[in-house]
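Participant: Okay, predicted coordinates and the sequence, questions at the end:
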Amino acid sequence: MRRKIIAGNWKMNKTPSETVTLINELKPLVATEDADVVFCVPAISLTTAIEAAKGSNINIGAENMYFEENGAFTGEIAPNMLTDIGVKYVIIGHSERREYFAETDETVNKKVLKAFEHGITPIVCCGESLAQREQGVTIDFIRTQIKIAFVNVTAEQAKTAVIAYEPIWAIGTGKVATTEQAQEVCAAIRVCISEIYDEATAAAIRIQYGGSVSAASAAELFSQPDIDGGLVGGASLKPDFGKIVNYK
Ligand SMILES: O=C[C@H](O)COP(=O)(O)O
């Protein structure tokens, strides 16, 4: 039985001081022993967030990371800068990074490899556009994203990875995928992982759904056989996130 993992993606929201306030507010609400809870916060707030989350079950993750060790990459964050302060998770290849910051399947793969090299768990994002869904190419597209993201990743590494399936048309739109749509794609991702590796790897890897997850939709989504939790945007900034984490 896979352990659920419910992560908040704060995106570009909250200053460092607002971060302390929000973590203190959410701490008692997200307390659970039944799932891993991760808050992915802006880079400038990581240290503050780690300090504020001390003594709680909240893990702190980054929203992005660069794939080089160090050097002339102005504005980027190296993997050892994250591990040095105790960051355990990093979101990689979010659709907003792909759309606005030119990330590609290839850079996603480089970042995934680099995260594993440094012992950081990647939350690898994939997801189709509305046009792709309407063209009937969703599964083909997602399979390509997954296959490239996992090039040269070992089975042992893949077993510890997290994949977030986020249909782009459902992000921040209030238009959550139906439970059937979300389960269908998450199941297809698991099949893809079993083809790349084996059944054991497919059974171990955790697959989240993301896209307008709310307190109202979490229970049904997270009880699907291939959905192991969620990557939550807007609702992760509100007390509602407590209800999502304790969805049962
Ligand atoms: O990473 C999170 C997703 O982009 C979902 O965002 P949302 O819950 O605001 O739709």
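Facilitator: Here it is on my side, so go on. Source: prediction; values computed, not measured. Residues are numbered from 1 along each chain as shown.
Participant: can we go C-alpha only for contacts and neighbour counts from here?
Facilitator: Fine.
Participant: And the strands in the protein?
Facilitator: Using DSSP state E, the strands of the chain run over 4-9, 35-41, 58-62, 89-92, 121-126, 162-165, 206-210, 229-232.
Participant: wait, what's in contact with Ala53?
Facilitator: Applying CA atoms under 8 Å, 6 or more residues apart in numbering to Ala53 gives the contacts Ile23, Asn24, Lys27, Asn59, Ile60.
Participant: OK, contacts around the residue nearest to the fourth one when sequence neighbours are not counted?
Facilitator: If I follow you right, that is Asn59. Nearest non-adjacent residue to Asn59, counting by CA to CA, 6 or more residues apart in numbering: Val38, 4.6 Å away. Counting by CA under 8 Å, 6+ apart, Val38 touches Ile5, Ile6, Ala7, Gly8, Ile58, Asn59, Ile60, Gly61, Tyr89.
Participant: my guess is Tyr89 contacts Val124, does it?
Facilitator: No: using CA atoms under 8 Å as the test, Tyr89 is too far from Val124 to be in contact (10.4 Å).
Participant: Output stretch 74-81 as PDB, nothing but the C-alphas.
Facilitator: The C-alpha coordinates for stretch 74-81 follow below in PDB (Å, rounded to 0.1, in the frame of the first residue of the first chain):
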ATOM      1  CA  THR A  74      22.500  34.200 -12.600                       C
ATOM      2  CA  GLY A  75      19.300  33.800 -10.600                       C
ATOM      3  CA  GLU A  76      19.300  30.000 -10.400                       C
ATOM      4  CA  ILE A  77      19.300  27.800  -7.300                       C
ATOM      5  CA  ALA A  78      21.800  24.800  -7.200                       C
ATOM      6  CA  PRO A  79      20.800  21.500  -5.700                       C
ATOM      7  CA  ASN A  80      23.300  21.700  -2.900                       C
ATOM      8  CA  MET A  81      21.900  25.000  -1.800                       C
END
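Participant: Can you mark which positions in that stretch are buried?
Facilitator: Ile77, Ala78, Pro79, Asn80 (16 or more other CA atoms under 10 Å).
Participant: got it, and stretch 26-45?
Facilitator: 26-27, 29-31, 35-43, 45.
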